[in-house]
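Visitor: Model the structure of this input:
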Amino acid sequence: MGLLTPLAVKIGSIEWMPKLLPQIVWVDTRLQKASRGRVSVLDIAGLPNLMLTVAGRKSGIPRSTPLLCVPDGDTWLIAGSYFGGPKMPVWVHNLRAADTAHIRYAKVETEVRAEELEGEARAAAWRTMLRTWPNYAKYEERTDRVIPVFRLTRV
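Guide: So this is what the prediction gives:
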């Protein structure tokens, strides 16, 4: 965690943040392209993050999305929270349809397999994720949908 992490947690808890997510992702994607992957909005906030690239389930075109992640041993946990917004992130549907995906974490590209967690495995992962990003609890309260949690494992 970094010096700006408490500020990021505060900003991330704002109820109207889901409306700004497309703009945040757009800025973050451009920042990462301009810095050749060296800097992201989440890096500036001092939060662990990765770039998930997965083929579109309909088009087959690779789609990249910057995501907050929680390293967990030699795996990564990610959640389709969308700041607690009502819609499921598109990357969730693409990841569910894919056999594998690619991530860039700490400047290293890795092929991964995603497992969507359920039951006690999801609950345990969720507790782990809350230690890194407590706002996940707020997001869960804001939405009627179940926020999907995935464990990414190297192939």
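Visitor: Which stretches in the protein count as helices?
Guide: Applying DSSP state H to the chain gives helices spanning 5-12, 17-34, 41-44, 90-97, 119-132, 135-142.
Visitor: quick one: contacts of the longest one?
Guide: Translated: helix 17-34. For helix 17-34, the surrounding residues in contact (C-beta atoms under 8 Å, 6 or more residues apart in numbering) are 11, 39-42, 51, 64-66, 82-86, 142. To be clear about C-beta, it is placed using only N, CA and C from the backbone, and glycine gets the same treatment.
Visitor: among those residues, which two are most distant?
Guide: The span of these, defined through C-beta to C-beta, is set by Val39 and Pro86 at 30.9 Å.
Visitor: more neighbours, those two?
Guide: Between Val39 and Pro86, counted using other C-beta atoms under 10 Å, the more crowded position is Val39 (13 against 10).
Visitor: which residue is nearest the middle of this protein?
Guide: Leu67 (3.0 Å; C-alpha atoms, centre = their mean).
Visitor: tell me the contacts of that residue?
Guide: 49-52, 78, 91.
Visitor: Closest one to Leu152 out of the residues you listed, please.
Guide: Nearest to Leu152 out of these is Ile78 (C-beta to C-beta; 6.6 Å).
Visitor: Show the pLDDT at that closest one.
Guide: Per-residue pLDDT puts Ile78 at 98.
Visitor: need the contact list for it.
Guide: 50, 52, 67-70, 149-150, 152 are the contacts of Ile78 under C-beta under 8 Å, 6+ apart.
Visitor: hmm, 7 Å instead?
Guide: Taking C-beta atoms under 7 Å, 6 or more residues apart in numbering as the criterion, Ile78 is in contact with 67, 69, 150, 152.
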